[in-house]
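Novice: sequence and computational prediction follow.
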Amino acid sequence: MDVLTLFTLALVAATASGWLLRYLKFSPVIAYIIAGVVLNYFNLNLDITVFNFLSTLAVQLLAFRIGFSFDASTVKNVFGKTIVIVLVEVFLIASVISAVSSLMYLNLGESVLLFATAINASSSILFKQSRGKIPNDDFELVMATSSLEDIVAFSALAILTGQLVNVYNGLVLFLEGLASLGLGLGLTKFLLPTLSSKEREYSQELLFLAVITLVFVFTLLGEDLKIPEVLPPLVLGIATSYAFSDMGEDKSELESRLSPLNDFFLVIFFLLVGQNVSLSYQTLLLLPLSLGLIALKYVAFSIGYWIVSGSFQKAFTTGINMTALSEFGIVVGVTAISLGYNLGSVFDLAVMTFGASVILSGFLVSRLWCLANSSLICRREVQS
């Protein structure tokens, strides 16, 4: 089958799956993964050069958006509390994962994948679900915590690829990160000075093109130097976000330009993820373990917040908002597979945990909102 026909069938499957699951208020990501499973069932293999390239580009743009969502000013305001919470999360989650890995004789790839899956809440889902629904101080804290969790998850990916073990590669990694930081700051401050409205629109277009170009360039460098390809776009995003904040600029326009492009490429990425998932009755047996990982994340964050706030009820109520886990754990899993790690059912567990967390978090957050507001407001919120 030629690439164009296969590409068309893949998009049709993704669209149909998304259309069906929208009535259940499921995340589109879950629909794309299911579409990948269905395509695999009919022996429509997407593991070809074009699809792999688009999938790789999706991961790079996702890394940039994760970095771009990093709000340095917010993190700075609550840094003391945030660092305590993240340290508590790392200690508790790493301890549990280490114990489980020892009991189940998991390899490094499987252990790192479980850790990266459980540690990192989704910034985008957290923003959509929590903004305006929890007090501003709590909202700042959970967003700042999620930003630092992104860095922890990337560190897990760097350990997995061995870049923090090899001194030479570690130095190359540091220098490339430094170059990304400088380019992000320099380009943004060069292209977004105080301009008229017409010049500002043109400047945003140049910045958008520069970001896409740099993602391509650093992807190629990452392949040649054998370093984690998500680092340069991640640091580039952080630097660009900081430059916007430092200049008092609104970054929503650049986000709105990047979002459709990234979302489209992510469709391809999650279709490929679905093709790597083994769907059987045995996979359903992993659901209790998935719920266990979600509960571990919830408890770890809540305990950390309890320590810094002193309020048990506030901590464990706010913790519900952190149960939507990030897709970055799946990125770690795909990277581990590409490095030759045999993940087996652990990859299926990571994918199921991500999907279950998105569904469960949406349900719990909406019910928590209902309890805190009148029944009329609750009905309107659920309908929307």
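Specialist: Arrived safely.
Novice: any regions of the stretch 101-250 of the chain where pLDDT drops low?
Specialist: Scanning the stretch 101-250 of the chain with the threshold set as pLDDT under 70 gives 161-174, 176-177, 180-181, 183-185, 187-204, 207, 218-219, 221-231, 247-249.
Novice: is F265 in contact with S55, as I believe?
Specialist: Yes: in terms of Cβ atoms under 8 Å, F265 counts as a neighbour of S55; the distance is 7.5 Å. For the C-beta atoms, the positions are set from N, CA and C on the backbone; glycine is no exception.
Novice: against T8, how distant is the nearest residue to V59 once chain neighbours are set aside?
Specialist: Spatial nearest neighbour of V59, excluding adjacent residues (Cβ to Cβ, 6 or more residues apart in numbering): V331 at 5.5 Å. Separation of V331 from T8 (Cβ to Cβ, to the nearest Å): 26 Å.
Novice: what strand or helix carries the residue nearest to V59?
Specialist: Element membership for V331 (DSSP states H and E) is helix 328-338.
Novice: try V37
Specialist: helix 28-41.
Novice: pLDDT averaged over that helix - what is it?
Specialist: Helix 28-41 shows a mean pLDDT of 85 in the predicted model.
Novice: now whichever helix or strand comes after that helix: mean pLDDT?
Specialist: Moving toward the C-terminus from helix 28-41, the next helix or strand (DSSP H and E) is helix 49-68. The average pLDDT for helix 49-68 rounds to 77.
Novice: what packs against helix 49-68?
Specialist: If you count contacts as 3 or more Cβ pairs under 8 Å, 6 or more residues apart in numbering; DSSP states H and E, helix 49-68 packs onto helix 3-21, helix 197-225, helix 231-246, helix 252-275, helix 328-338.
Novice: quick one: buried residues of it?
Specialist: For helix 49-68, a neighbour-count test (16 or more other Cβ atoms under 10 Å) marks 51, 54-68 as buried.
Novice: next, the angle from that helix to helix 252-275.
Specialist: Here helix 49-68 runs at an angle of 130 degrees relative to helix 252-275 (axes from the mean of the first three to the mean of the last three Cα atoms, to 10 degrees).
Novice: how far out from the middle of the chain is the helix or strand hosting L368?
Specialist: For L368, the element it lies in under DSSP H and E is helix 345-372. Centroid separation for helix 345-372 versus its chain: 14 Å, with Cα atoms, centre = their mean, to the nearest Å.
Novice: cool, stretch 324-336 as well?
Specialist: 7 Å.
Novice: what mean pLDDT does that stretch get?
Specialist: 83.
Novice: which stretches of the stretch 251-384 of the chain have low pLDDT?
Specialist: 279-282, 369-384.
Novice: re the thing from before, which positions in the helix holding V37 come out as buried?
Specialist: So helix 28-41, judged by 16+ other Cβ under 10 Å, has buried residues 28-40.
Novice: now stretch 263-280
Specialist: 265-277.
Novice: surely A315 meets W306?
Specialist: Yes: applying Cβ under 8 Å, one finds A315 in contact with W306, separated by 3.8 Å.
Novice: quick one on the thing from earlier: hmm, who's touching the helix holding V331?
Specialist: 55, 59, 62, 66, 109-110, 112-113, 116-118, 120, 150, 153-154, 156-157, 160-161, 228, 230, 270, 272-273, 276, 343, 346-347, 350-351, 353-354 (Cβ atoms under 8 Å, 6 or more residues apart in numbering).
Novice: run the chain-centre distance for it.
Specialist: Per Cα atoms, centre = their mean, the centroid offset for helix 328-338 relative to its chain is 12 Å.
Novice: helix 231-246 and that helix, what's the angle between them?
Specialist: Using the same axes, to 10 degrees: helix 328-338 against helix 231-246 is 160 degrees.
Novice: tell me the phi and psi of G340?
Specialist: Dihedral pair for G340: phi 100, psi 10, per degrees, to the nearest 10.
Novice: neighbours of L285, how many?
Specialist: 10 (other Cβ atoms under 10 Å).
Novice: quick one: buried residues of stretch 6-15?
Specialist: L6, F7, L9, A10, A13, A14.
Novice: just checking, the first one touches N43?
Specialist: No: counting by Cβ under 8 Å, L6 stays clear of N43, with 11.4 Å between them.
Novice: how about the buried residues of helix 28-41 in TSV, adding distance to D2?
Specialist: TSV is the format used below for the buried residues of helix 28-41 (distance: Cβ to Cβ, whole Å):
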residue	distance to D2
P28	27
V29	28
I30	29
A31	25
Y32	22
I33	25
I34	25
A35	20
G36	20
V37	23
V38	20
L39	16
N40	19
